[in-house]
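Participant: Here is the input, now give the coordinates:
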Amino acid sequence: MNHRVTLFGATLKFRLALASVVVITLCVALATQLVLSRVHQGVQLAVMDLERANAERMANLLSSRVMSLQQALRSLSEDPSFQATLADPVALRARLGHTHTLRTIFARLFVAMADGRVVALYDHNGTHDPGFSIADRPYFQQTLKAGLPLVSAPITSRVSDTPILQFTMPVRGHDGSVLAVLGGALPLDARNLMTEITRDGRVADDPVTTLVIDTAGHILSHRLAERVMQTAQSEPGLLPALQRWARQGRPVEPTGDVMQADGQIVASAGVPLADWLVMRIAREDTLLGGVLAARRDSLLLCAGVAVAGALLLLGVLGWLLRPLTRLQRRALALGNAELPIDQGWPQADGEIGQLSAVLRRAMRDRAASEHEVAALLRKMQLVMATAPIGIAFSRHERLDLVSAEFAALLGWPEGRLEGRPLHEVLDCGQGTTPLGAHIDDAFSAGRPFTAEMQFRRHDGGTLWGRLQGRPVDAADADAGTIWLLEDVTVQRAERERLAWSASHDTLTRLANRETFEARLTALLAQGGDALPSMLMFIDLDHFKRVNDSAGHAAGDKVLREVAQLLTSQVRGSDLPARLGGDEFAVLMPHCERATALRIAERIRAGVQKLGIEHQGTRLQIGTSIGVVDVAAGFGMADLLARADEACYAAKRAGRDAVQLAPT
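Facilitator: Okay, the predicted model is just below:
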């Protein structure tokens, strides 16, 4: 018996059977892991893109809230009736006590004169003279020096002894000098600022943690209240992202960033108005646990199939040794397809058994190969059918195997793509260079092909997709190529929408201040090549009366009508923008002074016709326009200041006028 086992184990058929089991198992494992690896990468990229978009959305929301708070302070600081009370502390405190909107928004309000003395304070005790000075506070000094609104770093309140943020707004006189500083205080845990973003119904075991930090590394808002005002570097998973941000020396900007490190996905976006960062930290193993589990399960499945197949094959081989006469009869019946493969073979040792085994192996290998290939194909089709992205295999520039999702994305009926030329199916109409040339360049360089492009679907539609391709074996061109196709139409549209929102004012759909200043800076950098050019500063007259009488909705309607008027009156090369509130500006490159004045007069006349009916009375507005030459040698701040001064000169001259700044 031992002799038979040894003899059987030494046969070529046994070794080939064992090798077949190993090869098939490795092929299944490799193909399964390759597909799931691609799926894992695609899901990981999608999750990272989603987290970056969430960080940008939250940063934009926080920026909008900061801007709204500053705008509320600006409305009071620019009110002539408020400015008139600065010389009378008693009247000033009375006026501050009647600011119902600001008192609802802020926990405390104060007015500090230029020497730092706080002459009016509204808090839980009402409006009173607190009798202290804030001249030593950095936020007061910076506001007074720069003449611009700001949001302070977290400080301890002298009134409540709790961490707060100070929102400040300079109060300017007619000559532009800062007469006083108007400020509002908000606790760090105020619901109208950050807590709704970081603590909105979240639980302690939530895989995503959202927090807001400042550039000094302090946590301003966290779902766990005890983490507020602690150092951000101690937050689990956040240190690599902070180190990367510090190394890059990046400014605080609303464009999002995302990275993966130490099993965490960290997304961030800035709030430029306050120098804050919105950070989102997610555990990668939690977000991608399903894909990782699928990879583990596939390995176990391959091992189980290999063991079961090996046991079955070895058991059948025991019946291959048969006597010579039965071998002869069975050999003559080799062409009989109706006779089962395992029937009629002799049981014998030595040469007869070896020959019988050889003949039987020849027939069994063919049937087993067909069965295994069919089984492998079914498994591959099952993996491809369950994958959330399109998968296809091609050889010799033709598609061999295509998933239903791949066909559906390109608008083809299922089962109609196999055998078609690859270049016909992946037609994207991109420029004059064929897509195949780009693919060949990538493969020749030893890297996968990846591109995001617009495809023409077979049913006549279009699709923005991310196409990825990699040779199955870089050293064997006949091994073919695996392709992954993902629909990114929604993600691309969202990126374009966010890019537009970052450069435009959402109410008027005009360019915002950042875009306007960037274009003006670029124009000044051109020097004499851009001259002559003109700059127009537009401020609405009597607009506050519309807001106070008819409400902010009516005011917003008037602002939109003004924006439409500007767009219709300026030239196609001009840039109209909303700088904030009821202030607009127009940048006019390569424009003569007479042309600019003529356009300004048309704008003034057009605004004069605007208005809104309210309680039987038509509330009309006007506009004061300052026009200035964009002269070589002036900086952006100087030009804006001259245009602003010309605008106020028009207001002092009676409003509803166009004033050219002196050269």
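Participant: Okay, and the beta partners of the closest residue to residue 417 other than its chain neighbours?
Facilitator: Spatially, and ignoring its direct neighbours in sequence, residue 417 is nearest to residue 402 (4.3 Å; Cβ to Cβ, 6 or more residues apart in numbering). For every residue, glycine as well, the C-beta is placed using N, CA and C. As for beta bridges, residue 402 partners with residue 392 under DSSP bridges.
Participant: List the contacts of residue 210.
Facilitator: By Cβ atoms under 8 Å, 6 or more residues apart in numbering, the contact set of residue 210 is 58, 197-198, 202, 223, 278-280.
Participant: so which of those residues comes closest to residue 527?
Facilitator: residue 278 (39.0 Å; Cβ to Cβ).
Participant: which strand residues sit across from the closest one in the sheet?
Facilitator: Beta-bridge partners for residue 278, by DSSP bridges, are residue 212, residue 269.
Participant: That one touches residue 212, doesn't it?
Facilitator: Yes. Using Cβ atoms under 8 Å, residue 278 is in contact with residue 212, at 5.6 Å.
Participant: Neighbour count: the two, which is higher?
Facilitator: Between residue 278 and residue 212, counted using other Cβ atoms under 10 Å, the more crowded position is residue 278 (29 against 26).
Participant: list the contacts for the more buried one?
Facilitator: By Cβ under 8 Å, 6+ apart, the contact list for residue 278 reads 55, 58-59, 62, 197, 210-212, 268-271.
Participant: roughly how far apart are it and residue 67?
Facilitator: Distance of residue 278 to residue 67, given as Cβ to Cβ, to the nearest Å: 15 Å.
Participant: ok, now residue 269?
Facilitator: Residue 269 sits at a distance of 16 Å from residue 67 (criterion: Cβ to Cβ).
Participant: out of the two, which sits in the more crowded spot?
Facilitator: More crowded of residue 269 and residue 67, by other Cβ under 10 Å: residue 269, with 27 against 16.
Participant: ok, the more buried one - contacts?
Facilitator: Residue 269 is in contact with 52, 55-56, 58-60, 254-257, 277-278, counting by Cβ under 8 Å, 6+ apart.
Participant: Now the closest residue to residue 130 other than its chain neighbours: phi and psi?
Facilitator: Computed as Cβ to Cβ, 6+ apart, the closest residue to residue 130 that is not its neighbour in sequence is residue 121, at 4.3 Å. Dihedral pair for residue 121: phi -140, psi 130, per degrees, to the nearest 10.
Participant: ok, now the one 5 residues further on?
Facilitator: For residue 126, the backbone dihedrals are phi 100, psi -160 (criterion: degrees, to the nearest 10).
Participant: Quick check: pLDDT value at residue 116.
Facilitator: pLDDT, residue 116: 91.
Participant: Please apply the same query to residue 236.
Facilitator: The score at residue 236 is 80. That number is its pLDDT.
Participant: that older thread, only the buried subset of the contacts of residue 210, as a PyMOL command please.
Facilitator: PyMOL command restricting these to the buried ones, with burial defined by 16 or more other Cβ atoms under 10 Å:
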select buried, resi 58+197+198+223+278+279+280
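Participant: quick one: which of the contacts of residue 210 sit in strands?
Facilitator: 278-280 (DSSP state E).
Participant: quick one, strands of the stretch 101-250 of the chain?
Facilitator: All strands of the stretch 101-250 of the chain, identified by DSSP state E, counting those that start in this stretch, fall at 108-113, 118-123, 126-128, 150-151, 155-156, 163-172, 178-187, 208-214, 219-221.
Participant: neighbouring contacts of the fifth one?
Facilitator: Contacts to strand 155-156, defined as Cβ under 8 Å, 6+ apart, come from residues 137, 139, 162-166.
Participant: before we move on, back to that, between residue 278 and residue 212, what contacts are shared?
Facilitator: 62, 197, 271.
Participant: From the residues you listed, pick the one nearest residue 406.
Facilitator: Minimum distance to residue 406 across the shared contacts of residue 278 and residue 212 is 39.3 Å, recorded for residue 197 (Cβ to Cβ).
Participant: so how far is residue 51 from the nearest residue to that closest one once chain neighbours are set aside?
Facilitator: Once flanking residues are discounted, residue 197 sits nearest to residue 58: 5.2 Å by Cβ to Cβ, 6+ apart. Here the criterion is Cβ to Cβ. By it, residue 58 lies 11 Å from residue 51.
Participant: now swap in residue 503 and tell me
Facilitator: 23 Å.
Participant: Over to residue 640?
Facilitator: Noted for residue 640: a distance of 38 Å to residue 51, by Cβ to Cβ.
Participant: again, but for residue 472
Facilitator: 32 Å.
Participant: Compare the two and say which is more crowded by neighbours.
Facilitator: Between residue 472 and residue 51, residue 51 has the larger neighbour count (other Cβ under 10 Å), namely 22 against 17.
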